[in-house]
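[1] Got a predicted structure plus its sequence, pasted below:
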Amino acid sequence: MPRTDAVLGDPRLADASRRLGREIVKSAVAAAQRRARAGEIPPGDVASAALAALPEHAASLRPVVNATGVLLHTNLGRAPLSTAARAAVAAASGCSDVEYDLPSGRRGPRGRGALAALRAACPAAGDAQVVNNNAAALVLAATALAAGREIVIGRGELVEIGDGFRLPDLLAATGARLREVGTTNRTTAADYAAAVGPGTGFILKVHPSNFRIEGFTAEAAVRDLAPLGVPVVADIGSGLLAPDPALPGEPDAASALAAGAALVTASGDKLLGGPQAGLLLGDRDIVARLRRHPLYRALRVDKMTLAALEATLRGPEPPVAAMLHAAAPGLRARAEDLARALSAAGADARAVGSTAVVGGGGAPGVELPSAAVSLPDGCAAPLRARQVIGRVEDGRLLLDLRSVDPADDSRIRAAVLASLEGN
């Protein structure tokens, strides 16, 4: 059995140690030595086996192909960043002028480029600020505007935002008191008006983005609440800055502000297509008040988020927008090409129609016509091992191409062929 130090001295592993760190490489060597002792590989192959087992990156996160048909899959990191945003992150990852003015050599305003881009993308906002996610945006607003006071909210909007986190608990933790009005299915402007008083911090309108209530319903719009004499904070959730014809029922920041909202909160990593961030858009004085609050310091974003957000706003169309607006005939042609190539290699592959969704708490109930490559459901686990993730329906694995960048079609093909060889 070769000694550990001798194996680590192999030039290939020495280079990997410089790239990944010695401990990761040493662990791979130890695992290969155990395989050799068990008789799985010859002792002379320890170095090669260790090299083959090394991860691509020092971090445990691995890139995957999202072929689930859920465009904003929370478990897969929601919106994939554009090439421009990824390049901006790389450029900002070293030392950068995040809070430094190069001409004067003095401290400068933090994130000035990203905030200017956000204001330009939503001209209806008097000012803008960014925190680390939409929940943080709501916490900051509630703490700064309503701590020790009341937040008036409709009962049908007391939502759970995922992983057991409930909006009422989040807001109560800020020291605000919730004043619930209306009923689960019907809440009118009169209900809000009756609740507003000297102790009201603001009215909160929450878009229930991951469910729908149908039937005998009523809901007060922002324009109905704006005249009630207190600020209206609109949590639109999915981060749509302007109306999109593909999602006619989805609220957007420009429309909410035009209707009279004093402040809009939203996510950056959903329909905007950027990094995880909480967007705050609205009245200049209110945004300034939030920026000056001590809690803002704990919630602010880092330089790489600022870089990715600015590049998303100023750069080319992000992948989410391309996925959302992809034409169904083009998706079908891609599925047919891929299924034909896989069938020629012996796979049980078929091109089929499919239905994709926005996901990530956006556009509930909206179905997007799509196309998929259908494979036996036994392919699901082997493909996950090769970092291609689909969904199983009716005993078949569907690789839905609406959520897949066309550049990754070749990666899907290679993964399926490799799984066939592995079987």
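    Cool, the structure landed.

[2] can you give me the strands in the stretch 101-250 of the chain?
    Per DSSP state E, counting those that start in this stretch, the stretch 101-250 of the chain carries strands over the ranges 106-107, 127-131, 150-154, 160-162, 165-166, 177-181, 200-206, 232-237.

[3] wait, which of those is closest to R284?
    strand 127-131 (4.5 Å; Cβ to Cβ). Heads up, the C-betas are built off the backbone N, CA and C, glycines and all.

[4] which outside residues touch that closest one?
    By Cβ atoms under 8 Å, 6 or more residues apart in numbering, the surrounding residues in contact with strand 127-131 are 111, 114-115, 118-119, 122, 137, 140, 268, 277-284, 287-288, 290-291, 296, 299-301, 305-306, 309.

[5] tell me the contacts of A254?
    Contacts of A254 (Cβ under 8 Å, 6+ apart): C122, P123, A124, L241, A242, P243.

[6] Quick check, the first one in contact with L281.
    Right, the one you point to is C122. Yes - between C122 and L281 there is a contact at 5.4 Å, judged by Cβ atoms under 8 Å.

[7] where do the contact lists of these two overlap?
    A128, A253, L257.

[8] Generate a ChimeraX selection restricted to the buried entries among the contacts of strand 127-131.
    In ChimeraX, a selection of the buried entries from the contacts of strand 127-131 looks like this (16 or more other Cβ atoms under 10 Å):
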select :111,114,115,118,119,122,137,140,268,277,278,279,280,281,282,283,287,290,291,296,299,300,301,305,306,309
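
[9] which one of the contacts of A254 has the most neighbours?
    Counting neighbours by other Cβ atoms under 10 Å, L241 comes out on top of the contacts of A254 with 23 neighbours.

[10] List the contacts of it.
    A121, C122, D252, A253, A254, A266, L272.

[11] farthest-separated two in the residues you listed?
    Farthest apart among the contacts of L241 - using Cβ to Cβ - are A254 and L272, which lie 12.7 Å from each other.

[12] quick one, what contacts the most centrally placed residue in the chain?
    In the chain, the residue lying closest to the centroid (Cα atoms, centre = their mean) is R78, at 2.9 Å. Applying Cβ under 8 Å, 6+ apart to R78 gives the contacts L72, D269, K270, Q276, G360.

[13] Could you report the neighbour count for the last one?
    Think G360. G360: 25 neighbours (other Cβ under 10 Å).

[14] The spatially closest residue to it that is not a sequence neighbour: helix or strand, and which one exactly?
    Take G360 and drop its neighbours on the chain: the residue closest to it by Cβ to Cβ, 6 or more residues apart in numbering is L72, 3.0 Å away. Using DSSP states H and E, L72 falls within no helix or strand.

[15] Let's see the pLDDT reported for L72.
    With respect to pLDDT, L72 scores 96.

[16] Just the buried positions in the helix or strand R413 falls within, please.
    Taking DSSP H and E as the criterion, R413 maps to helix 409-422. Neighbour counts over helix 409-422 (16+ other Cβ under 10 Å) mark D409, R411, I412, R413, A415, V416, S419 as buried.
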